[in-house]
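>>> Pasting a predicted model and its sequence here:
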There are 6 protein chains.
Amino acid sequence: MFEIAVPQIDQVVHDILDSYHQLGGINHIGGPNLPSQQRIVDILQALRSILFPGYYERDPVDETTLLYLIGERVAWVCKSLTEEITKSLCHDCRLENRCDQTAECAEKARHIADDLVGALPAIRARLHQDVHAALDGDPAAKSEAEVIVAYPGLTAITAHRIAHFLYERQVPLLPRIMNEYIHHRTGIDIHPGANIGNSFFIDHGTGVVVGETTIIGRNVKIYQGVTLGALSVKKALAQEKRHPTIEDNVTIYAGATILGGKAVIGHDSIIGGNVWLIRSVPPFSHVYNPAVSSEPIVESNNHGADFYQI
Amino acid sequence: MFEIAVPQIDQVVHDILDSYHQLGGINHIGGPNLPSQQRIVDILQALRSILFPGYYERDPVDETTLLYLIGERVAWVCKSLTEEITKSLCHDCRLENRCDQTAECAEKARHIADDLVGALPAIRARLHQDVHAALDGDPAAKSEAEVIVAYPGLTAITAHRIAHFLYERQVPLLPRIMNEYIHHRTGIDIHPGANIGNSFFIDHGTGVVVGETTIIGRNVKIYQGVTLGALSVKKALAQEKRHPTIEDNVTIYAGATILGGKAVIGHDSIIGGNVWLIRSVPPFSHVYNPAVSSEPIVESNNHGADFYQI
Amino acid sequence: MFEIAVPQIDQVVHDILDSYHQLGGINHIGGPNLPSQQRIVDILQALRSILFPGYYERDPVDETTLLYLIGERVAWVCKSLTEEITKSLCHDCRLENRCDQTAECAEKARHIADDLVGALPAIRARLHQDVHAALDGDPAAKSEAEVIVAYPGLTAITAHRIAHFLYERQVPLLPRIMNEYIHHRTGIDIHPGANIGNSFFIDHGTGVVVGETTIIGRNVKIYQGVTLGALSVKKALAQEKRHPTIEDNVTIYAGATILGGKAVIGHDSIIGGNVWLIRSVPPFSHVYNPAVSSEPIVESNNHGADFYQI
Amino acid sequence: MFEIAVPQIDQVVHDILDSYHQLGGINHIGGPNLPSQQRIVDILQALRSILFPGYYERDPVDETTLLYLIGERVAWVCKSLTEEITKSLCHDCRLENRCDQTAECAEKARHIADDLVGALPAIRARLHQDVHAALDGDPAAKSEAEVIVAYPGLTAITAHRIAHFLYERQVPLLPRIMNEYIHHRTGIDIHPGANIGNSFFIDHGTGVVVGETTIIGRNVKIYQGVTLGALSVKKALAQEKRHPTIEDNVTIYAGATILGGKAVIGHDSIIGGNVWLIRSVPPFSHVYNPAVSSEPIVESNNHGADFYQI
Amino acid sequence: MFEIAVPQIDQVVHDILDSYHQLGGINHIGGPNLPSQQRIVDILQALRSILFPGYYERDPVDETTLLYLIGERVAWVCKSLTEEITKSLCHDCRLENRCDQTAECAEKARHIADDLVGALPAIRARLHQDVHAALDGDPAAKSEAEVIVAYPGLTAITAHRIAHFLYERQVPLLPRIMNEYIHHRTGIDIHPGANIGNSFFIDHGTGVVVGETTIIGRNVKIYQGVTLGALSVKKALAQEKRHPTIEDNVTIYAGATILGGKAVIGHDSIIGGNVWLIRSVPPFSHVYNPAVSSEPIVESNNHGADFYQI
Amino acid sequence: MFEIAVPQIDQVVHDILDSYHQLGGINHIGGPNLPSQQRIVDILQALRSILFPGYYERDPVDETTLLYLIGERVAWVCKSLTEEITKSLCHDCRLENRCDQTAECAEKARHIADDLVGALPAIRARLHQDVHAALDGDPAAKSEAEVIVAYPGLTAITAHRIAHFLYERQVPLLPRIMNEYIHHRTGIDIHPGANIGNSFFIDHGTGVVVGETTIIGRNVKIYQGVTLGALSVKKALAQEKRHPTIEDNVTIYAGATILGGKAVIGHDSIIGGNVWLIRSVPPFSHVYNPAVSSEPIVESNNHGADFYQI
């Protein structure tokens, strides 16, 4: 017999199967399918191409046949999203040992998907303002087209407005997969739970983290490396507001960190780069690092030090 | 009739079409094609494989037939780049309401593409120095091959030297699409406008931002999270120098932020990690955070505090 | 003759070939094949699907045929990994002018690949703890499934445990290609040389850098933008311990930077966000920025300053 | 220089280029693009899926969104077909040394493509009869679905009705590419020029050849290997009727050959298998081989002849 | 509104939808999915690679891991075949207005798929004899490998033995899709219903047709263009034996046609090329065309007749 | 343990492995790789695009860069063909129990591949004549382009001239794989061994079979369904001339069959459709079926016979 000659590989395979037996919870064997990450990415792309028609296509979009192009995409999104939401809901049912009534999950999923496509014109109206916030907020931005094709911040807020819509309707897992895909593409990690107002602009964006219970007002601008995070990571606090509130017209510069559910940044404030802030500040505040306002420590050294000594 | 039965989807589709009608500027319907993001990525890959032959190929590169391999790639790049530059120029013409003479744009595009491939040996000579800057600058780098296949900083500077060449010849949009692709791949966001000298080395690189009017000298080294940014984001300042100048032989450590068009970091200086700097420093300066040079605040606490209290 | 008509392209191609002649070291022409980046990515994906079966598949994984599915994957990984390790070893041999005995390299490669698949159950046991560290450490994490499909920190530590295994067996280049792929996907850059204990959790992760000689204990938690780096980048120090040691039960918040091979963070310590640290601290320390503990500088300004003046 | 070392390959390449110079007519260098064979195949597939919705799709076709699905396909076919017809017309213009006015060709192409999609309902009505001719004509056919998904004869007549429509409007090359694709898929070679009536059924079909000037009436049935060909292949006869006329309700069995433009097979006739016929027969004829009607030559031989001697 | 401007396309689309409404039977809208032709092709390929391991693979097949490779393929075939058989059975239920109990169809489908994979060793034993029949029967055949990779007759009989297995278990549609795929690939059209004995060899094969109720004994050899067909195509005869019986050790040369359910070709007979036969012949018969045994009609003509006159 | 629960699949898999053990010769397990069918198809496509540049490409072929395009293809063909010929030779060595010296096979393979590409200009000169033979021989042919893109006969003779070149240099298996691929695409089955003169034209072609030891002169024309075959299929005759000789300027019409190694069709002869011929005919012969020259049997029957009775 052929397979008798290969004790080593056989042993390894059996050990791995044993490991599945002994260490449960990180297998997903024999259960219903999880939502497909690839399909969710495809849905996001389709939604982007509905929201900003003509910018992400290989071929020019023709006005005379737009009805069919958009209709076909909307129909596909409805159907695919219903399927993926159903899988997300079923997975959750099973986790919570509630009855696993797929039909009920599918019905609920269909309603949510219908609601989402119904909300696309409203979402598009908000994204229109987000595009203009970028165009107004960055002297380097030359046109709306540049913002739409080359600003990762717009990619992130577009996906977030969709993921947040689903999060609010208690869809598990799927909105998080959307946001992690965007995190991967842009380096911007906005939890689907975050509540973000109109005319939002993130510039550069790499390293931005916005936590689940963050509330952000209108006309807010944030730069790369900004964290809006939690002070405590006690599991028991999962249901409470753990992340800050940013009021209207606030700008937060690169690398600033604002932590805690009770921190409120009053409207029209500016938070300087690398600032570390764990309490509220009133409206119209300017907050910056003391190190910067005082004399910086500079020692001129002209004997060619070849490494960094401090 | 079939379609009569579906008021809901039909309504959604018509609402979306209405939205295109009412919120212009973020549609691109019925106009000339924009440059293709996928094609631009393919051009970048082809250029990388011309500049560093044999490192990114599936099959070994054979010396005896190198002429044809390289010739074929150069020809493809010339042709494809001409097409994409033409689309970029046409899009701009239309925006500025100048005459939309495609033939003229195509002619101009062809010259620029020809110039770029003509400049490849010179670009390659500079990248040779960039590779050696990485090899000399990182004790963990074991070989040139490792730098070429596994250093995102080299990926970024390679693309930048190409994008900057096109930016200098006033190609709109396309250089920005190149830099955003590289931003996505590496987390390094260098605006195509930045002027960067020889032997440039970025280590790790995630979160690096280098603004449009930055000037960087020779032999400069920067680490992850460094921002060379603008102090003001007034739209009116778009034509001015808004970002710093870094002279030769400067090293800038992780997370440092240098802002403003008048800030000049004198040659042979070292800027410490997380430093926040908005003014010039003379040559041979060492700049670091006061918090670090003074006694750091450490309170030993042996009763097992389980969360972070400050 | 056709080709006579094209002096310009011909000239460019010949100049590029000349450039290969004159600037060696960054060509790889006529030599043995380097390890394939695409293949290495495929190997990582296959290993992930062995370690967490059912989470990354398009189709549900069926218990009754799991033996074959896993056996087939293990066999493919063994074979493919042997090939790629062989190429890595051969490339190294050639660099060091040692004899280029491919057969010997292939034999060594096969042993290493066999060892790796043999170690998969043990690696899986450690990853089981890493998943639980994430679930326990983040109030936003709702289920093991969410951690496995949507936490980039888990993606990074999974790949690292594999890459580190190969690094310890002196496989050149290949582990670095693995880690750069993961760096690209997640923004987390852990050098394969780093030694990391059980129950490790990275949240968000963008911008994290962990250096080659770092040692990390058990139950350590780190956040986005944390650097565990070197103080000096003198090439001569390549063989020494250049990066810090983090003992058990330490938490390091976003943006903190710890540098130097002699820095030891004592067990059960907490390092605050944006802290810059280049020396050791005792167990149970709490370290944070003075700027934060003292009164932050806030100046309320209600006349609507429209740019950031500090 | 690298390329100097490879005289052999260089010589070969130069000899091939010389060959292009010396043997023209079978190069197509530097001219306008020919119609794309792949695109033409895609157009055929799209038309098939419009004509028989739901039979060739991966996903079920949903009644509620059929409008968009069909609209999108029709729009794509219009656009793609216009492009490919334009290329066909331009190629012809160039051959005939007529002015090469691409715009005029494109305008003409657009009209033809519009006419074709406008004729789809009428074509579909004819195919409906062809499906039923197969269902009625073959005892082995179990359902309309079987005819549509598994009868190569239907594939062939579907493509022919489209190709013939284009042939009649003097589109060069493209209808022939369609018919050769179908010839490849089915072994049935119907020249686009053939004029074929309703309720046409080809069973099995391999080896069927129907010439350019053939006329076929209604309700005709033909089997594999039937040739409806020309008697003469004098080039001078290209403008004349060279192939036979088959009147209504004729059946032609496997391997029969009918040749010549003057041969008319009268209505309601039956032509037997392997019959060779080069003249007309009146209505209601039965034609068969004399060899079959007379006693066949059979010699019983029971001493086990081991090869075929006649 | 955008879509108002396009009456022409809109009209076409609506006419096509009307056509679906009026001409039913050739739409498949809103119903359950039909079996997927692509999936059925994939199943056939997988079965071929199980039956002849190592001949159709890109990579060498390794003995030590064969268990997993084969196990994985068998598992995939079981699962995929169950799905496609289920679709075939459901489609049939619906046609016959029987209750559409998908669960029952799926259960039945699973049993049939299990039976098929259980029969693979037996099928393989028969194919072993078919390979040797080809090797023995064709002087041009150089090796078993050549027969397996380059004889379309083997491709056809391999698929037929599978399709016939399913046909016998009353699976509708699917076996016909298999046989039409093979008809397309090879020009050989064997109806799944045909009953074919061991050691069957088809040489060249283009144009071979073997009807639904044909019975073929052991050790039969047939050449290109042979038809084993029906005399009558009256629909009413669908349940009767309409095609001939070929006993053991018969050879049928190219282009011969044997028709009718009562025709029995006695064992050890030889049927000559192009013979037309509609009755039985006894064992050990040699049948050939009278035209060939008598003097052929040859008229030598040395005045260069330039076309074919007979 | 997971796998214990699945006796049925396990049993099947083990039975299949047993079958491999017991029925050898049709496994290819653990041996060297066979030539890759896909790769051979790719090589044929590349050769076609070298021989007829510009006809099979997606993009127009540009004169100014033709050198590189062709050079790159020639280099790829050389390399790939060397690899596939090597595998063919090694497979043969192993079959014949000769020493399995791969290096020697590879060296021989390289010479053959070099010879083939060196012969491309000469092959192209012959194909030029074949194209013109088609253009002259078919009144329906409108242009050289139509012959090149839409005549399967040209596809077949192009591949044959290449396969025959390799056959003559004793390459096993590979030329047969080429010819079977073309057989599949066109229905034309020309054994690589056949020796075919210049200006050869096959029209329609489905069902044509040309045997291994056939010799065909110049200016020969054959139609669909023509067989040039062997009289005997005794294995012992494998080394003898078993197939006919066709002299210059012969035309053979559809369905004719000429058998036997001693049959010589004298120059300038015409063989009629469906003729069956097993002996030689002198030059300038016209051969046709007696059935056709005598009065055909036609019985007019106007009482509507509804099936074919003879």
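In hand now; what should we look at? Numbering: from 1, shown residues only, chains lettered A, B, ... in the order given.
>>> Spatially nearest residue to A:Gly260, not counting backbone neighbours?
A:Leu231 (3.9 Å; C-beta to C-beta, 6 or more residues apart in numbering or on different chains). Where you see a C-beta, it was placed from the backbone N, CA and C, and this is true even at glycine.
>>> and that neighbour, how many residues sit next to it?
Here the number of neighbours of A:Leu231 (other C-beta atoms under 10 Å in any protein chain shown) works out to 20.
>>> Equivalent analysis for A:Gly25, please.
So A:Gly25, with other C-beta under 10 Å, has 13 neighbours.
>>> repeat for A:Gly24
10.
>>> Ok, A:Gln38 next?
10.
>>> Next: A:Val41.
Neighbour tally, A:Val41, other C-beta under 10 Å: 16.
>>> what do you get for A:Leu166?
So A:Leu166, with other C-beta under 10 Å, has 23 neighbours.
>>> Is the closest residue to it other than its chain neighbours in a helix, a strand, or coil?
Leaving out its chain neighbours, the residue that sits closest to A:Leu166 by C-beta to C-beta, 6+ apart is A:Pro175, at 4.6 Å. Following DSSP: H, G, I helix; E, B strand; the rest coil, A:Pro175 is assigned to helix.
>>> Could I get the contacting residues of A:Pro175?
Going by C-beta atoms under 8 Å, 6 or more residues apart in numbering or on different chains, A:Pro175 touches A:Ala163, A:His164, A:Leu166, A:Tyr167, A:Pro192.
>>> if you set the cut-off to 6 Å instead, what comes out?
A:Ala163, A:Leu166, A:Tyr167, A:Pro192 (C-beta atoms under 6 Å, 6 or more residues apart in numbering or on different chains).
>>> Can you name the two of those residues that sit furthest apart?
A:Leu166 and A:Pro192 (7.0 Å; C-beta to C-beta).
>>> Quick check, A:Pro172 in contact with A:Leu89.
No: at 7.1 Å, A:Pro172 does not count as touching A:Leu89 under the criterion of C-beta atoms under 6 Å.
>>> Just want to know which of these two has more residues nearby.
A:Leu89 (26 against 21).
>>> which of the residues in the helix ranked longest in chain A are buried?
Taking DSSP state H as the criterion, chain A has its longest helix at helix A:66-95. Judged by neighbour count using 16 or more other C-beta atoms under 10 Å in any protein chain shown, the buried positions of helix A:66-95 are A:66-78, A:80-93.
>>> how far away is A:Asp268 from C:Pro192?
Distance, A:Asp268 to C:Pro192, by C-beta to C-beta, to the nearest Å: 48 Å.
>>> on that earlier part again, which of the buried residues of helix A:66-95 come close to chain E?
Residues of the buried residues of helix A:66-95 in contact with chain E (C-beta under 6 Å from any C-beta of the partner chain): A:Leu66, A:Leu67.
>>> what's the closest non-adjacent residue to A:Thr186?
A:Pro152 (3.7 Å).
>>> My error: substitute A:Gln38 in the last question.
A:Gln38 sits nearest to C:Arg58 (C-beta to C-beta, 6+ apart), 7.4 Å away.
>>> before we move on, could you check phi and psi at the one you found?
Backbone dihedrals for C:Arg58, given as degrees, to the nearest 10, come out at phi -80, psi -40.
>>> Convert the C-alpha atoms of stretch A:47-59 to CSV, please.
Extracted C-alpha coordinates of stretch A:47-59, given in CSV (Å, rounded to 0.1, in the frame of the first residue of the first chain):
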residue,chain,number,x,y,z
LEU,A,47,-21.2,50.2,-3.6
ARG,A,48,-18.3,52.6,-4.3
SER,A,49,-19.0,52.4,-8.0
ILE,A,50,-22.7,53.2,-7.4
LEU,A,51,-21.8,56.1,-5.1
PHE,A,52,-19.1,57.6,-7.3
PRO,A,53,-20.1,56.4,-10.8
GLY,A,54,-17.4,56.6,-13.4
TYR,A,55,-14.3,57.0,-11.2
TYR,A,56,-13.4,53.4,-10.5
GLU,A,57,-14.4,51.8,-13.8
ARG,A,58,-12.2,50.5,-16.6
ASP,A,59,-14.6,51.7,-19.3
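>>> list the buried ones in that stretch?
Quick answer for stretch A:47-59 (16+ other C-beta under 10 Å): A:Leu47, A:Arg48, A:Ser49, A:Ile50, A:Leu51, A:Phe52, A:Pro53, A:Gly54, A:Tyr55, A:Tyr56.
>>> Nearest to A:His132 among those residues?
Using C-beta to C-beta, the shortest approach to A:His132 within the buried residues of stretch A:47-59 belongs to A:Phe52, at 13.5 Å.
>>> how far away is that closest one from B:Ser36?
Applying C-beta to C-beta to A:Phe52 and B:Ser36 gives a distance of 15 Å.
>>> A:Asp248: neighbour count?
17.
>>> For it, give me its contacts.
Per C-beta under 6 Å, 6+ apart, neighbours of A:Asp248: A:Gly217, A:Arg218, A:Asn219, A:His267.
>>> Tell me the most packed of those, by neighbour count.
Most surrounded of the contacts of A:Asp248: other C-beta under 10 Å gives A:Asn219, at 21 neighbours.
>>> any idea how far chain D is from that residue?
37 Å (C-beta to the nearest C-beta, to the nearest Å).
>>> Contacts only, for that residue.
Per C-beta under 6 Å, 6+ apart, neighbours of A:Asn219: A:Ser199, A:Asp248, A:Asn249.
>>> Same list (the residues you listed) but as CSV, adding pLDDT and secondary structure.
As requested, those are arranged in CSV below (pLDDT from 0 to 100; DSSP: H, G, I helix; E, B strand; the rest coil):
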residue, pLDDT, secondary structure
A:Ser199, 98, coil
A:Asp248, 98, coil
A:Asn249, 97, coil
